[in-house]
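Chemist: Test case, fold it:
(4 chains)
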Number of protein chains: 2
Amino acid sequence: MDTEYPKNPRRSSGRVTLADVATLAGVSPITVSRALKRPDMVTDKLRQKIDKAVKTLGYIPNQAARSLVSSETKIISVLFPSLSNSVFSSLLDGIYNTLTPAGYKMLLTNTHYSSVQEEELIETMLEQNPDGMILTGIDQSDSARQRLMNIGIPVVQVMELGDNPIDINVGISQFDAGYAMTEHLIQKGHRHIGFIGARMDNRTQRRLQGYRQALIDHSLPSEDYISTSFAHTSFQAGAELMVKLVSEHNQIDALFCSNDDLAAGAIFECQRRGIKVPQQLAIAGFNDLEIASAISPRLTSVAIPRFEMGQKAAQCLLDRLQDKPCPTHIDVGFKIVPRESS
Amino acid sequence: MDTEYPKNPRRSSGRVTLADVATLAGVSPITVSRALKRPDMVTDKLRQKIDKAVKTLGYIPNQAARSLVSSETKIISVLFPSLSNSVFSSLLDGIYNTLTPAGYKMLLTNTHYSSVQEEELIETMLEQNPDGMILTGIDQSDSARQRLMNIGIPVVQVMELGDNPIDINVGISQFDAGYAMTEHLIQKGHRHIGFIGARMDNRTQRRLQGYRQALIDHSLPSEDYISTSFAHTSFQAGAELMVKLVSEHNQIDALFCSNDDLAAGAIFECQRRGIKVPQQLAIAGFNDLEIASAISPRLTSVAIPRFEMGQKAAQCLLDRLQDKPCPTHIDVGFKIVPRESS
DNA sequence: CTGTTAGCGCATTCAG
DNA sequence: CTGAATGCGCTAACAG
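Modeler: Purely as a prediction, here's the structure:
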């Protein structure tokens, strides 16, 4: 009785395969494949037998094998600088809700605002053979840009518009938005307008540049009232930066905060210190998060259609994947929302 | 001149493969494979040639092919009920930051608080052959539970502890936490304690049950001062529910909100209406988000180690994948954080 | 409508 | 230390 049956030549994963289903249903594997993918290509009778076999065995298709054949993965990889910033939550929601009905899955990664980490993550992601990629901002490293352009999958850069997109670009001009909010404060009659910012990533920097330019264009002092920190954004940071700036320059009558968290933190601190907003100090934020319309006093902010931006980014990717026409440059716009705080 | 060379028999993806690298480097594919995975198994000289060829060609390993062979994907799928709720952002951060250094990627999905959607998503995710799975809460459908137990991959249920876990369970008792906060308010001398809740998902329901039980145990009215809504949680909802409840029962002297967003919304509205917190109305939240310690007055809340919970969930998964010992039941605990609002 | 053949890209045998 | 053969699970192409 020699071992004619191989010892264990099969490195099988132990999972139920198409072949197992085929055996049980008494058909060939390809028929099972067809019954699952294009049911109308198979007789009712066979299809029922197959469906039954699938259920009995608890068969689950193996996407890796499919991808290997089709070189399609139905995976989109999404690279965000932070997973806990609510600005990105809405974006993510828009992306997810668009991708999922189309049968795509989302591989999400966190670059921690580092273009070095981003570059590494792009490499790792490419090993997954994603059908497309969504990146945040326009400041990827040169080699990452190059890499992506060579690969040939659709890529969306989202949040901010630039002159030299990798492929598709969906966002707004952060500079213009910073400029517009500053002008709003000027029009409200303020002449000593401060700026506080945390994290100071590239987008925040460009908001700051917009602020500076607006002040210059209106012949107002543009460098005196700026207080920034590389610490991460928080209510706490908003409170601290506000206190610092106002105590150093008590003539400041308005404060442009680089986002709503800082602004809300500043307002909370003003309440504690009895500083009247906006009578003694006008305060404006950025992003128009839900808190802006809820806080008391309600916060003037820059509204950006974050959810829609996510949807559009994802939709462009999908269009491109189906060879549908799709613009490569979408300005989703922003809006100054004046409220009680300014 | 007959077409001896096949028309296009090769369905190649066009991507650079291991074989291409091998040809250029003048070695066999397996040597390239080894040079990449276990560099020490290959001569320096060959390795250098190979590395060079990899760079020249821009070779990217194909994870689908690897997975097919190894039946390992290095993918963990994570199912959350919401992507925009900041409670889950911290969880996600903890999970991501633990998985990534270990070489795992994260496939993230949104169940929208629906166990039907969750069940479908679990099926879809299983097609990806994830090495492990992280689910939110303990209320999966029976068939989903069954499915997961049969598959045999490690599964973590996170956020809340239950009696009958699928596999690993990391969280707290929502009931106990609701009970504890209610007792805190009682100890502060309040006798007419209201409860407002939105979304009313299972975890919120169990907090409410804790609230009820605490009132019963202290012989206080437990059904009169409850106002809930199935709308999603928001500052706005907090304001509305508070107004409704207080106007219907003006004897209410304390309000337990099912989360911090509702509580903050209630506080903002109190500020608008000149209701003094906590003198006229004490307010407590749940989750201890950053806003709790920032808002004025600072908000009493229930602190849960969300980030650590994510880390632990992910770590258990990793341990299990490496056959390391790992507890299957981890109570991460909660803490009442008394602040100015109560 | 169904089956046969072959190959996607890689890594695990087992030899040399 | 390196290579040849083989198969992971599935589906496109081409019969029948």
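Chemist: The nearest residue to residue A:188 once chain neighbours are set aside: what's it in contact with?
Modeler: Distance criterion C-beta to C-beta, 6 or more residues apart in numbering or on different chains; nearest residue to residue A:188, sequence neighbours excluded, is residue A:342 at 5.7 Å. C-beta: built from backbone N, CA, C; applies to glycine. Listed by C-beta atoms under 8 Å, 6 or more residues apart in numbering or on different chains, the contact set of residue A:342 reads A:184, A:185, A:188, A:254, A:278, A:282, A:283, A:284, A:300.
Chemist: Residue of the stretch 101-250 of chain A closest to chain B, please.
Modeler: residue A:235 (3.4 Å; C-beta to the nearest C-beta).
Chemist: Domain-wise, how is chain A divided?
Modeler: With domains defined by automatic domain parsing, chain A comprises A:18-61, A:71-172+A:307-333, A:174-303.
Chemist: now those domains in JSON lines, with distance to residue B:162?
Modeler: Formatted as JSON lines, the domains of chain A follow (distance: least, C-beta to C-beta, whole Å):
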{"stretch": "domain A:18-61", "distance to residue B:162": "24"}
{"stretch": "domain A:71-172+A:307-333", "distance to residue B:162": "26"}
{"stretch": "domain A:174-303", "distance to residue B:162": "32"}
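Chemist: So for DNA strand C, which of those domains sits nearest?
Modeler: Closest to DNA strand C of the domains of chain A, according to C-beta to the nearest atom of the strand: domain A:18-61, at 3.4 Å.
Chemist: any idea how far the closest one is from the chain center?
Modeler: 40 Å (C-alpha atoms, centre = their mean, to the nearest Å).
Chemist: Stretch A:239-251 too?
Modeler: Using C-alpha atoms, centre = their mean, the offset of stretch A:239-251 from its chain centre is 32 Å.
Chemist: Convert the C-alpha atoms of it to CSV, please.
Modeler: Written as CSV, here are the backbone C-alpha positions of stretch A:239-251 (Å, rounded to 0.1, in the frame of the first residue of the first chain):
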residue,chain,number,x,y,z
ALA,A,239,-7.8,79.1,24.2
GLU,A,240,-4.1,79.4,24.7
LEU,A,241,-3.2,81.0,21.5
MET,A,242,-6.0,83.5,21.9
VAL,A,243,-4.9,84.5,25.4
LYS,A,244,-1.3,84.8,24.3
LEU,A,245,-2.1,87.0,21.3
VAL,A,246,-4.6,89.2,23.0
SER,A,247,-2.5,89.8,26.1
GLU,A,248,0.4,90.8,23.9
HIS,A,249,-1.6,93.1,21.7
ASN,A,250,-4.6,94.4,23.6
GLN,A,251,-5.7,96.5,20.6
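Chemist: Tell me if that stretch is near chain B.
Modeler: Yes - using C-beta under 8 Å from any C-beta of the partner chain, stretch A:239-251 comes into contact with chain B via residue A:239.
Chemist: can you pull the buried residues of that stretch?
Modeler: A:239, A:240, A:241, A:242, A:243, A:245, A:246 (16 or more other C-beta atoms under 10 Å in any protein chain shown).
Chemist: And stretch A:270-282, by the same measure?
Modeler: In stretch A:270-282, counting by 16+ other C-beta under 10 Å, buried: A:270, A:271, A:275, A:277, A:278, A:281, A:282.
Chemist: What about chain B: which of those residues touch it?
Modeler: Okay, of the buried residues of stretch A:270-282 touching chain B (C-beta under 8 Å from any C-beta), that's residue A:271.
Chemist: Counting only strands, which of the buried residues of stretch A:270-282 make the cut?
Modeler: Judged by DSSP state E, the buried residues of stretch A:270-282 include residue A:282 as members of strands.
Chemist: closest to residue B:80 among the buried residues of stretch A:270-282?
Modeler: residue A:271 (33.8 Å; C-beta to C-beta).
Chemist: What residues does that closest one make contact with?
Modeler: Shown in contact with residue A:271 (C-beta under 8 Å, 6+ apart): A:277, B:296.
Chemist: Tell me the spacing between it and residue B:268.
Modeler: According to C-beta to C-beta, to the nearest Å, residue A:271 stands 11 Å off from residue B:268.
Chemist: can you give me the helices in chain A?
Modeler: Counting by DSSP state H, chain A has helices at residues A:18-25, A:29-37, A:44-57, A:63-70, A:86-99, A:115-127, A:142-151, A:174-187, A:202-217, A:235-248, A:260-273, A:290-294, A:306-321.
Chemist: So which of these is the most surrounded?
Modeler: Across the helices of chain A, averaging neighbours per residue (mean count of other C-beta atoms under 10 Å in any protein chain shown) puts helix A:260-273 on top, at a mean of 25.
Chemist: tell me the angle that helix makes with helix B:260-273.
Modeler: Here the directions of helix A:260-273 and helix B:260-273 differ by 50 degrees (axes from the mean of the first three to the mean of the last three C-alpha atoms, to 10 degrees).
Chemist: So what angle separates the directions of helix A:260-273 and helix A:86-99?
Modeler: 140 degrees.
Chemist: Now do helix A:260-273, average pLDDT.
Modeler: When pLDDT is averaged over helix A:260-273, the result is 98.
Chemist: tell me the angle that helix makes with helix A:235-248.
Modeler: 60 degrees.
Chemist: Excluding chain neighbours, what is closest to residue A:85?
Modeler: Closest residue in space to residue A:85, ignoring its immediate chain neighbours: residue A:233 at 7.2 Å, by C-beta to C-beta, 6+ apart.
Chemist: I figured that neighbour was touching residue A:200, is that so?
Modeler: No - assessed by C-beta atoms under 8 Å, residue A:233 is found out of contact with residue A:200, at 9.7 Å.
Chemist: Residue A:121: what's its closest spatial neighbour, skipping adjacent residues?
Modeler: residue A:109 (4.8 Å).
Chemist: Same question for residue A:310.
Modeler: Closest to residue A:310 by C-beta to C-beta, 6+ apart is residue A:94, at 2.4 Å.
Chemist: show me what contacts that neighbour?
Modeler: Counting by C-beta under 8 Å, 6+ apart, residue A:94 makes contact with A:306, A:307, A:308, A:309, A:310, A:311, A:312, A:313, A:314.
Chemist: Likewise for residue A:295?
Modeler: Listed by C-beta under 8 Å, 6+ apart, the contact set of residue A:295 reads A:264, A:267, B:235, B:268.
Chemist: For it, what are phi and psi?
Modeler: phi -60, psi 160 (degrees, to the nearest 10).
Chemist: now it: how far from residue B:299?
Modeler: For residue A:295, the distance to residue B:299 (C-beta to C-beta) stands at 13 Å.
Chemist: same check, this time on residue A:203
Modeler: In this view, residue A:203 and residue B:299 are 30 Å apart by C-beta to C-beta.
Chemist: repeat for residue A:186
Modeler: Per C-beta to C-beta, residue A:186 is found 36 Å from residue B:299.
Chemist: now do residue A:115
Modeler: For residue A:115, the distance to residue B:299 equals 37 Å [C-beta to C-beta].
Chemist: Also residue A:191?
Modeler: 36 Å.
Chemist: Could you do residue A:298 as well?
Modeler: For residue A:298, the distance to residue B:299 - C-beta to C-beta - is 19 Å.
Chemist: and of the helices of chain A, who's closest to residue B:291?
Modeler: Of all those, the one in closest proximity to residue B:291, counting by C-beta to C-beta, is helix A:235-248 (6.4 Å).
Chemist: hmm, who's touching that closest one?
Modeler: The set of residues external to helix A:235-248 that reach it, using C-beta under 8 Å, 6+ apart, is A:194, A:196-198, A:225-229, A:231, A:252, A:255, A:257, A:261-266, A:268-270, A:273, A:275, A:281, B:290-291, B:293-295.
Chemist: Residues of the stretch 51-200 of chain A that sit close to DNA strand D?
Modeler: Residues of the stretch 51-200 of chain A lying near DNA strand D by C-beta under 7 Å from any atom of the strand: A:61, A:62, A:65, A:66, A:68, A:69, A:70.
Chemist: Which one of these is nearest to residue A:179?
Modeler: Among these, and counting by C-beta to C-beta, the member closest to residue A:179 is residue A:70, at 47.7 Å.
Chemist: Can you check the pLDDT for the closest one?
Modeler: Per-residue pLDDT puts residue A:70 at 89.
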